[in-house]
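J.: following is a predicted model, sequence given first.
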Amino acid sequence: MWRELAVLGRDARSGGYRRYAWTGADTDCRAWFRAQAEARGLAYELDRNGNQWAWLNVPSARAEGTESADSGTVSVGDAVVTGSHLDSVPDGGAFDGPLGVVSAFAAVDALRARGARFAKPLGIVNFGDEEGARFGLACVGSRLSAGLLTPERARELRDGDGVPLPRAMERAGYDPDSLGADPERLGRVGAFVELHVEQGRALADTAHPVGVASAIWPHGRWRFDFHGEANHAGTTRLDDRRDPMLTYANTVLAARKKARLAGALATFGKVSVEPNGVNAIPSLVRGWLDSRAADEETLASVVAEIERAAAERGARDGVDVRVDRESFTPVVEFAHALRDRVAATLATEGGAGVPLLPTGAGHDAGILSAQVPTAMLYVRNPTGVSHAPAESAEEDDCVAGVTALADVLEELACR
């Protein structure tokens with residue numbers, strides 16, 4: 001499975017992945033997911049928001065006259081679901097998202113090989129547009145399904161070329177008219193467990209190939225628009241300029257300082273410039289801030305300090321600064337009962353527990369946590385690099401992740 005998926009959407013020059021929502025690479029990944037589901041005889045579904053589902057049903061339906069030990073109903077409200085996403089950030093790594101989907105199929109194979117008898121429905125999901133690389137909003141598929149993103153707001157999303165989300169979906173062969181909350185399908189789910197490559201090095205120096213998530217830091221994205229005045233770079237005196245690039249550059253440095261003082265994180269990772277000429281002073285610089293902190297009060301304070309620094313520098317430079325919050329996810333405390341049950345399942349025979357890890361990275365599991373009990377497993381990342389081609393995990397650790405996921409699914413779906 002890994003070899004088949006590894007070639008899809010990979011850029012030969014950078015070595016990274018460009019699997020953006022509703023593009024050709026995304027279509028190829030979706031076809032791969034469906035083929036894996038059908039090869040296993042799983043019931044395939046595409047929901048109203050473009051998320052893909054594959055269902056393994058319960059043996060209890062045999063009492064109703066069916067012949068297969070895996071057949072039955074998927075409408076039970078305590079179904080166990082696992083999975084992740086297949087899209088990527090620009091030039092992203094191979095593991096972020098796909099490791100969770102591949103491991104989900106592999107875990108089902110392992111459970112069948114064990115002769116596991118399922119007492120609950122078991123599902124695998126590929127959530128669409130988790131990274132938000134194309135339309136600027138993370139976790140679009142899961143946000144829509146959970147009702148945290150309205151269809152009206154989703155239809156306003158546009159990519160860098162001005163293509164709206166509905167048109168992109170139509171071009172990929174999907175119907176955007178059905179976008180919206182999906183309480184019926186989420187109502188089937190009693191627990192969602194997402195396996196993910198670790199995005200950090202907390203496990204790297206331990207004997208543990210797998211850890212369990214404890215919480216996700218609150219995080220969000222803010223767009224900063226710096227409006228100045230376009231002019232000739234070779235004839236306009238420095239004192240006569242209203243250069244928004246100066247204000248932007250100062251804001252980038254201020255963000256680093258404010259975050260460091262607060263023990264938070266702040267990153268300007270995307271920028272656009274108009275008119276974007278070498279010999280022209282910009283009229284507009286637009287930068288996107290990603291900020292995260294251990295608690296919402298700290299996060300709000302850091303972002304406010306960055307906004308204040310931008311406004312103060314803008315006043316000096318004759319630049320108008322406007323800030324728009326594009327997304328926000330509050331702190332996620334994973335369901336303690338489910339988290340503790342997962343951790344207990346993975347404890348060694350001697351009673352040694354697995355590490356509980358907080359993270360600053362957002363996930364579909366975090367989005368769903370307000371409506372569905374969710375938990376996460378992390379597979380050790382030796383370098384800690386993520387969202388880059390150097391992202392990695394050792395094969396033995398990936399196998400350990402599959403085994404751990406299968407153990408957890410057996411505990412949740414077969415007991």
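T.: Perfect, thanks for sending it. Numbering: from 1, shown residues only.
J.: can you give me the pLDDT of residue 77?
T.: Note on residue 77: pLDDT of 80.
J.: need the contact list for it.
T.: Shown in contact with residue 77 (CB atoms under 8 Å, 6 or more residues apart in numbering): 187, 188, 189, 190. Just so you know, the C-beta spots here come from the backbone N, C-alpha and C atoms, and that holds for glycine as well.
J.: following the helix or strand hosting residue 247, which helix or strand shows up next?
T.: Taking DSSP states H and E as the criterion, residue 247 maps to helix 244-262. For helix 244-262, the succeeding helix or strand toward the C-terminus, using DSSP H and E, is strand 265-274.
J.: which strands or helices does that following strand pack on?
T.: When contacts are defined as 3 or more CB pairs under 8 Å, 6 or more residues apart in numbering; DSSP states H and E, strand 265-274 packs onto helix 244-262, strand 284-292, helix 296-317.
J.: please identify the most buried of these.
T.: With neighbours defined as mean count of other CB atoms under 10 Å, the helices and strands packed on strand 265-274 peak in mean count at strand 284-292, which reaches a mean of 22.
J.: tell me the angle of that one relative to helix 244-262?
T.: Strand 284-292 runs at 10 degrees relative to helix 244-262, counting by axes from the mean of the first three to the mean of the last three CA atoms, to 10 degrees.
J.: in terms of secondary structure, what does strand 284-292 contact?
T.: Packing contacts for strand 284-292, counted by 3+ CB pairs under 8 Å, 6+ apart, involve strand 219-227, helix 244-262, strand 265-274, helix 296-317.
J.: make CSV out of those and add mean pLDDT and distance to residue 415.
T.: Formatted as CSV, those follow (pLDDT from 0 to 100; distance: least, CB to CB, whole Å):
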stretch, mean pLDDT, distance to residue 415
strand 219-227, 96, 35
helix 244-262, 98, 44
strand 265-274, 97, 39
helix 296-317, 98, 36
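J.: just put those in JSON lines and tack on distance to residue 120.
T.: Below are the helices and strands packed on strand 284-292 laid out as JSON lines (distance: least, CB to CB, whole Å):
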{"stretch": "strand 219-227", "distance to residue 120": "32"}
{"stretch": "helix 244-262", "distance to residue 120": "43"}
{"stretch": "strand 265-274", "distance to residue 120": "38"}
{"stretch": "helix 296-317", "distance to residue 120": "35"}
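J.: between those, which one is nearest to residue 31?
T.: strand 265-274 (29.3 Å; CB to CB).
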